[in-house]
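**Q** Show me the folded form of this:
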Amino acid sequence: MVYLLVALVPLLYLLNLGYFQVWSPNEAFYADATRAMVQSGNFIDPYYNGELRLNKPPMTYWLVAIGYYLLSINEWGLRLMHALLGLMTGIITFLIAKEITGNYKIGLFSFLMLTLSVQFFANSQYASP
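**A** Residues are numbered from 1 along each chain as shown. Now for the predicted structure:
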């Protein structure tokens, strides 16, 4: 049963990435600023509604740009890298728990507890730093 859950977690994270439209102002900011970056080829200066916005570090824009290059400029591309980073954080949690305890099952349960927690899952489905 535990192995089935572990196998289904990536599907849970990747299945509905493009289902919900961008409605949050914060996510819309990253979506549009990164769209402008990709279209202009300027990956240093983020512009939103024609205004230079230097409030945040550029890594989030760059992660969204990678998703846009892989899946086109849409909701899937916007959220892909954040979902993959959420899954990788779960894998790192598994590896750390397994290393500390020496128990493979504790690593699996740690992975499941993190990746299936509601707040962590919600943040992994949302393009924001």
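**Q** Which parts of the protein are strands?
**A** 47-48, 51-52 (DSSP state E).
**Q** For the first one, which outside residues touch it?
**A** It stands for strand 47-48. By Cβ atoms under 8 Å, 6 or more residues apart in numbering, the list of residues contacting strand 47-48 from outside reads 29, 32-33, 36-37, 40, 53. The way it works is simple: take the backbone N, C-alpha and C, and place the C-beta from them, glycine included.
**Q** all helices for this protein, in order.
**A** 2-15, 25-40, 59-71, 75-101, 104-115, 118-124 (DSSP state H).
**Q** Need those helices in a markdown table (columns: mean neighbour count and mean pLDDT).
**A** Supplementary listing: the helices of the chain in a markdown table, determined by neighbours: other Cβ atoms under 10 Å; pLDDT from 0 to 100:
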| stretch | mean neighbour count | mean pLDDT |
| --- | --- | --- |
| helix 2-15 | 13 | 84 |
| helix 25-40 | 17 | 89 |
| helix 59-71 | 18 | 93 |
| helix 75-101 | 18 | 94 |
| helix 104-115 | 17 | 94 |
| helix 118-124 | 13 | 91 |
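**Q** Asn16 versus the residue nearest the centre of the chain, what's the distance?
**A** Nearest residue to the geometric centre of the chain (Cα atoms, centre = their mean): His82, 0.8 Å. Taking Cβ to Cβ, to the nearest Å as the measure, His82 falls 13 Å from Asn16.
**Q** picking up where we left off before, mind checking which of the helices of the chain is nearest Asn49?
**A** The closest of the helices of the chain to Asn49 is helix 25-40. By Cβ to Cβ, the value is 7.6 Å.
**Q** excluding its backbone neighbours, what's nearest Arg53?
**A** Distances taken as Cβ to Cβ, 6 or more residues apart in numbering place Pro46 nearest to Arg53, at 5.2 Å, with adjacent residues excluded.
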